[in-house]
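> Have a look; sequence and predicted model below, questions after that.
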Amino acid sequence: MTGLSEWLEDLSTLQVLLLVAAVLLGGSVLSVLVGAVLVRMGMKRPAVVERASGLAEWALGVVKRPLTIVVLDEVAAVIQTGHYTKNISDALKENHDELKSLVAEKVRQDPNVRLIGRLPGYDAIVSEVSETTLRVVIDMLQDPRMDELVNDLLRNNLTQIKEAVRLRAHEDLPTPAPPDPVPPRIRNRP
């Protein structure tokens, strides 16, 4: 038994919490499966299985919030190490030509541009405006200040989420309504 106790002592707090959650979850699943098999066979669900299920639900309820906060802390630490605006900038560079032609296509299809679209040099103007816009957006995304802005935004949102979990602010909210249907004109066309 000393090997098991030494192994447990070497675990961090987070690892112990995760181990406890995994054991409880495994026990819950096992008790549900045993209960379902016994009920299917026409037997009454044993009191031990019933008690184990109730105990597992209680334990999960106790561990759920602290575990969520620990996970959010870990996510916050990981998010602060990333350079997400650089990733967006790289993706824009990689898809530069496709984006430029997409902008030209969408501007051409816009019903408010019908008359202007007939002017000489219209395509050159759209091309230059698209090129300039992409260049400015890429330059902005490569600026360290923009990276700091996005990291602050993510950190502040995670802090707000953690606080809401601690205060249980989300538990009294009604179930959110389903998303609005996508209008037919916006859906992708084949």
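Received it, and whenever you're ready, just let me know what you need. Values in this document were obtained by computation on a predicted structure and should not be read as measured data.

> So the residue with the largest distance to the centre of the chain: helix, strand or coil?
Farthest-out residue of the chain from its mean C-alpha position, per Cα atoms, centre = their mean: Pro120, at 46.8 Å. In terms of secondary structure, Pro120 is coil; the call rests on DSSP: H, G, I helix; E, B strand; the rest coil.

> Backbone dihedrals for it, both of them.
Backbone torsions of Pro120, given as degrees, to the nearest 10, read phi -70, psi 140.

> so what's it up against?
For Pro120, the contact set (Cβ atoms under 8 Å, 6 or more residues apart in numbering) is empty. Any C-beta I mention is one placed from the backbone N, CA and C, and that applies to glycine too.

> hmm, which helix or strand of the protein has the shakiest average pLDDT?
Of the helices and strands making up the chain, the lowest-confidence element is helix 2-9, at a mean of 71, by mean pLDDT, DSSP states H and E.

> for Ala36, helix, strand, or coil?
Using three-state DSSP, the three-state assignment for Ala36 comes out as helix.

> and it, how many residues sit next to it?
Residues lying near Ala36 (other Cβ atoms under 10 Å) number 12.

> I'd like to know how far it sits from Leu55.
Relative to Leu55, Ala36 is positioned 18 Å away (Cβ to Cβ, to the nearest Å).

> And for Lys44?
19 Å.

> So between these two, which is more surrounded?
Neighbours per residue (other Cβ under 10 Å) separate Lys44 from Leu55, with Leu55 holding more: 14 against 9.

> starting at the chain centroid, how far to the host helix or strand of that one?
Secondary structure from DSSP states H and E places Leu55 in helix 47-79. Computed by Cα atoms, centre = their mean, to the nearest Å, the separation of helix 47-79 from the middle of its chain amounts to 19 Å.

> Please name every helix or strand in contact with that helix.
For helix 47-79, the contact count by 3 or more Cβ pairs under 8 Å, 6 or more residues apart in numbering; DSSP states H and E identifies helix 13-40, helix 144-167 as packing neighbours.
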